[in-house]
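Enquirer: Curious how this folds, go ahead:
(one chain, ligands or ions: 2)
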Amino acid sequence: MTAQIKPDFDVIAVGAGFAGLYLLHRLRGLGFSAKVLESADDVGGTWYWNRYPGARCDIQSIDYSYSFDPELETEWQWSERYATQPEILRYLEHVAHKHDLRRDIQFSTRVEVAKWDADASLWHIRSEAGEEFSCRFYVMASGCLSQPKAPEIEGTDRFHGEVYYTSSWPHEGVDFSGKRVAVIGTGSSGIQSIPLIAEQAQALTVFQRTANYSIPAHNGPMPTEKLAQLEGDRALYREAARWSRAGVPIEPNEEGAMQVSAEERQRRYEAMWGAGELLGIAGAFSDLLVDPVSNETLCEFVRDKIRATVQDQATAELLCPRGHFIGTKRPCLDSNYYQTYNLPHVRLVDLREHPISSITEQGIDTSDETFEFDAIVYATGFDAMTGAIVAVDIVGRDDLSLADKWANGPQTYLGLMTVGFPNFFTITGPGSPSVLSNMTVSIEQHVEWIGDCLSYLSSNGLDVIEPTETAEAGWLQHVNDCADITLYPRADSWYMGANVPGKPRVFLPYVGGVDTYRGACDEVVSRDYLGFRLQGPGKQQCNDGVVRRIQPDVALVLEFIDSLALPPMESLSVDDARAFSIAMAAERPAGPEIGEIIDKVLPGPVGELCYRLYRPDTPGPHPIVAYFHGGGWVLGGADSDDPFCRDLCAQSDSIVVSINYRHAPEDKFPAAPNDGFAAVQWIADNAGMLGGIPGQLAVAGWSAGANIAAVVCQMARDGGGPGIVGQLLLNPVTDCDLTRQSYIDNADGFVLTTALMQWFWDHYADSADRVDPRASPLRASDLSNLPPALVVTSEFDPLCDEGIAYAEAMSNAGVSVRHISARGQIHTSLTAVGVVLSGAPVRKEMGAALLEFFGTAPPSEL
Ligand code: FAD
Ligand code: NAP
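Expert: Ligands and ions are numbered 1, 2, ... in the order given. Have a look, this model is predicted:
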C-alpha cells in the first residue's frame with residue numbers, strides 16, 4: 001500500500017551536468033517539482049571539473065550536444081570540430097541560463113545519504129552539511145566519470161611540490177613555465193594534456209603503465225560536409241543518431257577485416273586515420289571488436305603509425321600498445337601526442353619495467369631511478385560508472401544498502417533501476433550504453449524515458465515503481481551475453497572495473513548498441529512496463545517478464561533476414577527452395593581451416609552416395625564422426641553444413657564424414673535412414689582406409705540429419721552393428737507430432753517455422769509412415785542399449801520439446817544422456833559458425849562430447 005504524504009519535491013536529482021540539467025528542464029515541462037543537488041558551485045559536471053589543458057570532447061561537437069531544444073541547436077555555433085572544455089562549459093552555462101535552471105539547483109551540496117521510506121513511499125535525502133530533503137523519486141544524474149579514483153601510489157601526500165589532478169583542475173589554470181613536471185597516466189586525460197604541458201614545461205616526464213591506442217583528432221573548423229548534413233534536416237539527423245549503434249549517425253560497415261585484401265585493409269585504415277573520428281575506428285570493419293585476428297591488423301597499423309611518428313625507436317616501441325585489443329579500452333583522440341615525444345625535454349618512463357616505488361618529498365622514485373619534480377599531475381582516472389552512485393549511502397527497501405547489493409557487480413534493469421530500490425533511477429547507469437556511446441544521446445534518452453514513466457505513473461494514479469527480480473536477472477544476462485561475444489571482457493579496462501583495486505570484474509556498460517537498447521526500452525513501455533511492478537493507492541500492475549531473451553547476435557541475424565522480406569520457404573517449389581538454400585550457403589563464412597577436405601562417393605543401398613570427408617590437421621589416425629546434414633530431408637547435401645563440419649572436425653580432432661543421403665520428395669521415407677545406415681556400415685568397414693581408427697565411430701546430425709543419426713543408432717543396435725560409440729543430436733527431429741508447446745511458442749519468426757516443418761514432413765513421409773520409429777525415433781518401443789548421447793536443443797526452436805523428450809526417454813531407458821539447452825538460440829543458429837559467436841561455447845561442448853565418446857583428451861590448442 002502506498003501512502004500519500006507530500007514530499008518536499010516530486011523529484012530530487014543529484015548532479016548538474018548534461019544529465020541533471022536536461023532532467024530538470026524536462027521534469028519542469030511535465031509539471032513535476034524538481035530539485036537538483038550538486039557538489040560543485042556551478043553547472044557543467046564533467047566540464048566543470050576537468051579543466052586541464054587540452055581537455056576537449058572526443059565525439060564531434062555537433063553530435064556531442066543536446067537535441068531537445070531546436071532553438072538552441074540553431075543559436076549555438078561550435079567554433080571547432082572538437083570543442084575545448086571552456087567552450088563546452090560555456091554551452092552548458094548557456095543552457096542553464098536560457099532555461100533558467102539555476103533557480104532549482106542547489107550548488108555546493110554533496111549528497112551523502114538517501115533512504116527509502118516504505119511507509120510514506122518517498123526518499124529522504126541528506127547532504128554532507130546535514131540538510132534534509134524528501135522526494136517521491138530520486139535520480140542519480142551523478143555521472144559515469146565523476147568519481148576520481150585514488151592514484152594508489154605510496155607516499156602521495158609526501159610531495160612538497162605542486163600536485164594536480166586532471167579530474168579537478170584549478171579554475172585559475174596552471175602555469176608550468178620553467179618547471180619540471182611529471183604526468184602519471186596515459187589514458188585520454190593524460191594524452192590530451194601531455195602535449196600542452198610539454199609546450200610550457202622546462203622538462204616533462206611521462207610515467208606510463210599501459211600504452212594506449214590513440215588516433216589523431218585532426219581538429220579544426222567545423223567540417224562543412226557534416227554541418228551541411230545536419231543543417232539539411234536536423235530532425236532527421238538527430239533521429240538517425242538516436243537509432244544508430246553509438247549515438248552518431250554513421251553507416252555501419254558489414255564487412256569483416258579479413259574479408260578484404262591486405263591492400264584494401266590498409267586503404268581503409270589510412271582513411272580512418274585521416275578522418276580523426278573515434279567511432280570510425282571500430283567502424284572500419286564489422287568484426288574489429290569481436291575477432292582477435294581482425295583486431296590485431298588494426299593494432300599493428302596503429303603501432304606502425306607510432307613507429308613512423310616517434311623518432312626514437314625505443315620510445316616508439318614503449319608507446320606501442322600491447323596486451324589489449326584496440327577499442328577494448330577507450331581509445332584516445334589526440335592532438336600531437338606521439339609527436340610530443342620527439343621534443344628533447346620530454347621523456348617517457350615505462351612503469352611496466354620499473355614501477356613507481358614511492359612518491360617522495362622531491363619527486364618520484366621508481367624501482368631503478370630517483371626523479372625530482374616541481375609539479376606532479378595525476379591523470380589516473382575514475383571509479384567509473386558505479387563510483388559516484390555507491391559513494392552515496394543509498395538504502396532501499398528492508399534496509400538494503402545499494403553498495404552491498406552491488407558488492408559483486410551492479411545489477412540493474414535497463415541500467416535505469418534496480419530491485420529493492422523503488423522510485424530510484426540512474427541516468428546512464430551500468431547496464432546501459434552510456435560510456436560506449438555519444439553520451440548526450442544516451443542521456444537524453446534516459447531523461448525522456450524517466451519523464452515519460454513518471455507521467456505515466458501520475459496519470460494512472462500510481463506512485464511507486466520497481467523492477468522485478470525476473471526482469472533484472474534477464475537484463476543482466478543479456479548485458480553479459482552482449483559483452484561475451486566481444487573482445488571487451490578480455491581487457492583490464494575501467495569498463496570492467498579493472499582499474500580500481502578490489503572492484504568486481506564485470507562488464508559495466510551495455511555493448512548491444514544505442515539503437516537496440518532504445519528498442520528494448522520502448523518495448524518495455526509498450527508492453528505495459530514489462531518487468532516493472534507499479535503501485536498506487538489501492539492498485540498495482542505488473543507484467544512480469546524478460547525483454548531480451550534471444551542471444552544478441554542471433555537477434556541481428558533475424559533482423560537481417562527480416563529485412564530481406566523473403567517469401568516463406570514453404571511457399572516455394574522444392575527446386576526454388578533448394579536453389580535458395582544453396583545461394584544462402586554461399587554467403588557464409590567458410591569455417592576454420594582444417595587439414596584437408598575430400599569429396600568422394602560410397603556405395604549406398606541403391607546407388608552411390610556422395611560424401612565429404614573433413615580431416616583434422618593433426619597426425620592421424622583419427623576417430624570418425626558420421627555426420628548427417630540438416631534440411632528437412634528435402635534440402636542440402638554432403639557439403640551443405642560445411643562450416644559446422646569443419647568446426648566439429650577441428651573441435652573434436654576427428655574425421656567428419658558428411659553423407660549425402662537421398663532426399664524427399666524424390667525419395668521419400670525410408671530412403672534417408674536406409675542410406676544413413678548403409679553409409680555408417682561402410683564407414684565402419686572402411687575406417688582404416690579413411691584414415692580412421694577402427695571401432696572409434698560416432699554419429700552426429702543436425703535437425704533432420706539428427707533424426708537420421710538417432711534412427712541409425714536404433715538400426716545398428718537392432719541389426720547387430722556397426723558399433724557406435726556415441727551420438728550427437730543437434731536440434732533433432734524425433735517425432736511427427738507438431739502440437740507440442742515449442743511448436744506453438746516458436747511457430748513463427750525463428751527461421752524454422754511450424755509451417756515449414758509441416759512442409760518438410762509432407763514431402764518426406766506419408767501420414768501412416770510418420771509414426772514408424774525410423775521416422776519418429778521417439779516412438780520406438782525400446783530405447784535402451786543405445787550409444788551414449790549428447791542432445792542439444794535450442795530455446796527458440798519448434799523442435800525443442802521433442803529433443804528434450806527424446807533425451808528424457810533415452811535416459812529413462814538407461815542410456816547415458818547429456819542434454820544441453822542452448823539459451824537464446826534458434827534452430828539454425830548453432831551451426832552458423834563465424835556468424836553466431838554466442839553459439840561457440842555450445843559448439844565447443846559438442847566437440848568435447850565427441851572427444852569424450854572416443855575417450856580422448858581435448859587437443860591441447862583448444
Ligand atoms: P557529469 O557531467 O559527470 O555530472 C555529474 C555531476 O554530479 C558532477 O558535477 C558531480 O559533481 C555531481 N555529483 C556526483 N555525485 C554527487 C553527490 N553525491 N552529491 C552532489 N553532486 C554529485 N562523453 C562523450 O560522449 N563524449 C566526449 O567527448 C566525452 N569527453 C569526456 C571528457 C572527459 C575529460 C571526461 C571525464 C568525460 C568525458 N565524457 C565524454 C563523458 C562525460 O562524462 C559525459 O559525456 C557527460 O558529460 C556526463 O554528464 P552527466 O551529467 O551524466 O555527468
Ligand atoms: P583512464 O583512461 O582510466 O586512464 C588512467 C591512466 O592512469 C591509465 O594510463 C592508468 O594506467 C594510469 N594509472 C592509474 N593508476 C595508476 C598508478 N597507480 N600508477 C601508474 N599509472 C596509473 O582515465 P582518464 O584518462 O581520466 O580517462 C577516463 C575516461 O574519461 C576516458 O576513457 C574517456 O571515456 C573519458 N575522457 C575523455 C576524454 C576526451 O578525449 N574527450 C578525455 C578525458 C577523459 P593503466 O591503464 O595501467 O591502469
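
Enquirer: Name the helix or strand for residue 204, please.
Expert: Per DSSP states H and E: residue 204 is located in strand 203-208.

Enquirer: Which strands or helices does that strand pack on?
Expert: Counting contacts by 3 or more Cβ pairs under 8 Å, 6 or more residues apart in numbering; DSSP states H and E, strand 203-208 is packed against strand 180-184, helix 188-200, strand 346-350. The C-beta positions use only the backbone N, C-alpha and C, and glycine is treated the same way.

Enquirer: Of all these, which one is nearest residue 7?
Expert: Counting by Cβ to Cβ, residue 7 lies closest to helix 188-200 out of the helices and strands packed on strand 203-208; the figure is 38.8 Å.

Enquirer: Can you list the buried residues in the closest one?
Expert: When neighbours are counted by 16 or more other Cβ atoms under 10 Å, the buried residues of helix 188-200 are found to be 188-198.

Enquirer: SS state for the closest residue to residue 677 other than its chain neighbours?
Expert: Distances taken as Cβ to Cβ, 6 or more residues apart in numbering put residue 715 closest to residue 677, at 4.6 Å, once the chain neighbours are dropped. Applying DSSP: H, G, I helix; E, B strand; the rest coil to residue 715 yields a three-state assignment of helix.

Enquirer: quick revisit: report the entries of the buried residues of helix 188-200 that also contact ligand 1.
Expert: Checked against ligand 1 using Cβ under 6 Å from any ligand atom, the buried residues of helix 188-200 give the following subset in range: residue 189.

Enquirer: now the buried residues of helix 188-200 as a markdown table including distance to residue 75 and pLDDT?
Expert: Supplementary listing: the buried residues of helix 188-200 in a markdown table, determined by distance: Cβ to Cβ, whole Å; pLDDT from 0 to 100:
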| residue | distance to residue 75 | pLDDT |
| --- | --- | --- |
| 188 | 30 | 98 |
| 189 | 31 | 98 |
| 190 | 35 | 98 |
| 191 | 33 | 98 |
| 192 | 28 | 98 |
| 193 | 31 | 98 |
| 194 | 35 | 98 |
| 195 | 33 | 98 |
| 196 | 30 | 98 |
| 197 | 35 | 98 |
| 198 | 37 | 98 |
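
Enquirer: helices or strands up against the strand or helix carrying residue 116?
Expert: Of the helices and strands defined by DSSP H and E, residue 116 is found in strand 111-117. Secondary-structure packing of strand 111-117 (3+ Cβ pairs under 8 Å, 6+ apart): strand 122-127, strand 393-395.

Enquirer: Any idea which of those gets closest to ligand 1?
Expert: Evaluated over the helices and strands packed on strand 111-117, closeness to ligand 1 peaks at strand 122-127, with 7.6 Å, by Cβ to the nearest ligand atom.

Enquirer: Just the angle for that closest one relative to strand 111-117, thanks.
Expert: Between strand 122-127 and strand 111-117, the angle comes out at 160 degrees (axes from the mean of the first three to the mean of the last three Cα atoms, to 10 degrees).

Enquirer: about what we covered before: walk me through which strands the strand holding residue 204 pairs with, and which way each runs.
Expert: Partner strands and pairing direction for strand 203-208 (DSSP bridges) are strand 180-184 (parallel), strand 346-350 (parallel).

Enquirer: Mind checking if stretch 372-381 is in reach of ligand 2?
Expert: Yes: against ligand 2, stretch 372-381 shows contacts by Cβ under 6 Å from any ligand atom at 379-381.

Enquirer: With neighbour count, distance to ligand 1 and secondary structure as extra columns, can I get those residues in TSV?
Expert: As requested, the residues of stretch 372-381 next to ligand 2 are arranged in TSV below (neighbours: other Cβ atoms under 10 Å; distance: Cβ to the nearest ligand atom, whole Å; DSSP: H, G, I helix; E, B strand; the rest coil):
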residue	neighbour count	distance to ligand 1	secondary structure
379	25	10	coil
380	23	12	coil
381	20	9	coil
